[in-house]
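>>> dropping the sequence and predicted coords here.
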Amino acid sequence: MIPGISLDSTATIPNPSQSACENCSTPVTGPYCANCGQEHQPAKVHFRDFVVEYVKSFINIDSKSFKSLRLLLFKPGVLDAEYIQGKRASFIKPAELYLFMSVVFFFVVAHVDPLTLENSADLIDKTNLDTIYASKKISVNELSTSFESKVQDKLPTFLIAVVPVLALFLGWLYNRKKYFFVHHLTFSYHFFTFLFLILLPGLFSEDMAAIGLFALFGYLLIALKKAYQQNLFITTVKASILWMTVILLLYAYMYIAVNYSIIEIKNELGI
């Protein structure tokens, strides 16, 4: 018997790499790495393992999305309160939820109620439009196509800008030290996600659109009360300010996007 060496045929040679994370080399004591979170798996991954991992990831994402949307729709402010308290792992990230719903909303808008010259007439500077028509350098159909394309091109800028703008307003209204900008940003993402959801039925009916705007105020009131924990009177005042701010932002975007697109067309035509 040689000291330190076993002659037992059932013994295995220890492999140091088996107890270290394959991703960051941190020692692993459980099924997941405490440093990077990667699951500790054998070096050789079979196709079956890949399929199982894919299904688990899909179910996990779907579960998070369903839970987040359920709270967003039926328990205003709860999702925000959970995030403020640091409970984030069970929910989909606010930015991801917002981007997904914005894509869905504007896809529906483009096919159901596109922003055309006809339904934007109240926002357009008639002088600019008359100048284009008088020039006879472009047909009505060509003008409509160019107009829709240019307005839609401005949507990403609006989507990027509007969330932090509302978050800044929230920071002004709730300037207590216990809340940070990221808390206001989270609320803003969730609010605009709800806005997209509530406006979808309004694309098919003006009555539903009006109901949606009032429902938006109700949601805002309840969500602010739950997330920021102030009394009802103060919350109502702040909800009213934010509600009017959002409506003004939406109208301002529509007005600027529509008229700037017309000006761009004039410049392209050399008018």
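The structure has been received and is ready for your questions. Numbering: from 1, shown residues only.

>>> which pLDDT value belongs to the closest residue to R88 other than its chain neighbours?
Excluding the flanking residues, the one nearest R88 by CB to CB, 6 or more residues apart in numbering is E82, at 7.6 Å. No exception for glycine: its C-beta is placed from N, CA and C like everyone else's. At E82, the predicted lDDT confidence score is 81.

>>> which stretch of helix or strand covers E82?
Assigned by DSSP states H and E, E82 belongs to helix 78-84.

>>> what of V109?
Counting by DSSP H and E, V109 is part of helix 94-112.

>>> how about that helix: buried residues?
Neighbour-count burial for helix 94-112 flags P94, L97, Y98, M101, S102, F105, V109 (criterion: 16 or more other CB atoms under 10 Å).

>>> so where's this structure uncertain?
For the chain, applying pLDDT under 70 flags the ranges 1-18, 39-63, 113-128, 133, 177.

>>> give me the domain ranges for the chain.
18-74, 93-269 (automatic domain parsing).

>>> now these as CSV including distance to G86?
What follows is the domains of the chain, written out as CSV (distance: least, CB to CB, whole Å):
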stretch, distance to G86
domain 18-74, 16
domain 93-269, 11
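
>>> mind listing what the nearest residue to L79 once chain neighbours are set aside touches?
Of all residues not flanking L79 in the chain, L71 sits nearest, at 4.4 Å (CB to CB, 6+ apart). L71 makes contact with V78, L79, E82, F91, according to CB atoms under 8 Å, 6 or more residues apart in numbering.

>>> determine which stretch of the domains of the chain is the most buried.
domain 93-269 (a mean of 16; mean count of other CB atoms under 10 Å).

>>> which is the next helix or strand following whatever helix or strand W172 lives in?
When elements are assigned from DSSP H and E, W172 belongs to helix 155-173. Following helix 155-173 in sequence order, the next helix or strand is helix 181-199 (DSSP H and E).

>>> what packs against the helix or strand following that following helix?
Remark: after helix 181-199, the chain's next helix or strand is helix 206-228, criterion DSSP H and E. Helix 206-228 is packed against helix 78-84, helix 181-199, helix 232-269, with contacts defined by 3 or more CB pairs under 8 Å, 6 or more residues apart in numbering; DSSP states H and E.
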